[in-house]
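Participant: Based on what follows, work out the 3D shape:
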Amino acid sequence: QTCALPISAAFLGVLATGALPPVQIIPLVFVAFTGLVWLLETTDEDQRPLRRAFFAGWWFGFGYFVTNLYWLAYALLIDAAQFGWMVPFAVFGLSGFFALFTGAASAATAATRTRGVARVLVLAIFWTVGEWLRGHVLTGFPWNLIGTVWAGSLPVMQATSLIGLYGLGLLTVLVAALPATLTSA
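Facilitator: Numbers count the residues shown, from 1 in each chain. This next block holds a predicted model:
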């Protein structure tokens, strides 16, 4: 059971990446965030729920980032003899670092002890705060914001003129995670 959480969470993060361009299988974002909410619900009964929630979010983020930062390897392999050794550090190291933001969002969500729709709303807010922080503070790396899943849908992307990409991301996580509430008590 100790391996189930990291594998499940990382797999859900990989699925979330599949909703982003260039793959853009948008239903995967619903599977990914519904699954993340369910994983967070399993942490509630744990002896250390915040720690477990953090790691659920961290593994989700690690799977998400490691599969959408592949292009860093391409850039470093232009001159593989000189820069090839940096590939694991760039892809896995940055993914692990950026996953701290998703881990913090998950732990903060668990700390509120909300349930149902309130939990989904709280997760959407903390996810968005994490994306904003990742894009502005320390790293300044707003790569693959979740709102970009709609890049192929011009009518949806028009909402960014009113609420910005971070606002669209908040709505995306909110709507994508709502199916998790259908099985909540």
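
Participant: which regions of this protein sit below the pLDDT cut-off?
Facilitator: Scanning the chain with the threshold set as pLDDT under 70 gives 1-2, 43-47, 184-185.

Participant: Nearest residue to the middle of it?
Facilitator: For the chain, the residue nearest the mean C-alpha position is residue 61 (4.8 Å; C-alpha atoms, centre = their mean).

Participant: list the contacts for residue 144?
Facilitator: Residue 144 sits next to 17, 20, 64-65, 68 when contact means C-beta atoms under 8 Å, 6 or more residues apart in numbering. Any C-beta I mention is one placed from the backbone N, CA and C, and that applies to glycine too.

Participant: now, the most widely separated pair of those?
Facilitator: Greatest spatial distance among the contacts of residue 144 (C-beta to C-beta): 20 and 65, at 11.2 Å.

Participant: Any idea how many residues pack against residue 98?
Facilitator: The tally of other residues near residue 98 (other C-beta atoms under 10 Å) stands at 24.

Participant: which element is it on?
Facilitator: Assigned by DSSP states H and E, residue 98 belongs to helix 94-111.

Participant: buried residues in that helix?
Facilitator: Neighbour counts over helix 94-111 (16 or more other C-beta atoms under 10 Å) mark 94-110 as buried.

Participant: Run through who's touching it.
Facilitator: 13, 36, 40, 43-44, 49-62, 64-66, 69, 72, 119, 122-123, 126-127, 129-131, 133-134, 139, 141.

Participant: With just CA atoms, put it into PDB.
Facilitator: In PDB, the C-alpha atoms belonging to helix 94-111 read as follows (Å, rounded to 0.1, in the frame of the first residue of the first chain):
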ATOM      1  CA  LEU A  94      13.100  20.700 -11.900                       C
ATOM      2  CA  SER A  95      10.100  18.400 -11.800                       C
ATOM      3  CA  GLY A  96      10.800  17.500  -8.200                       C
ATOM      4  CA  PHE A  97      11.200  21.200  -7.300                       C
ATOM      5  CA  PHE A  98       8.000  22.300  -9.100                       C
ATOM      6  CA  ALA A  99       6.100  19.500  -7.500                       C
ATOM      7  CA  LEU A 100       6.600  21.200  -4.200                       C
ATOM      8  CA  PHE A 101       4.000  23.700  -5.300                       C
ATOM      9  CA  THR A 102       1.400  21.000  -6.100                       C
ATOM     10  CA  GLY A 103       2.300  19.200  -2.900                       C
ATOM     11  CA  ALA A 104       1.800  22.400  -0.900                       C
ATOM     12  CA  ALA A 105      -1.600  23.000  -2.600                       C
ATOM     13  CA  SER A 106      -2.700  19.400  -1.700                       C
ATOM     14  CA  ALA A 107      -1.500  19.700   1.900                       C
ATOM     15  CA  ALA A 108      -3.200  23.100   2.300                       C
ATOM     16  CA  THR A 109      -6.400  21.600   0.900                       C
ATOM     17  CA  ALA A 110      -6.200  18.700   3.400                       C
ATOM     18  CA  ALA A 111      -5.500  21.200   6.200                       C
END
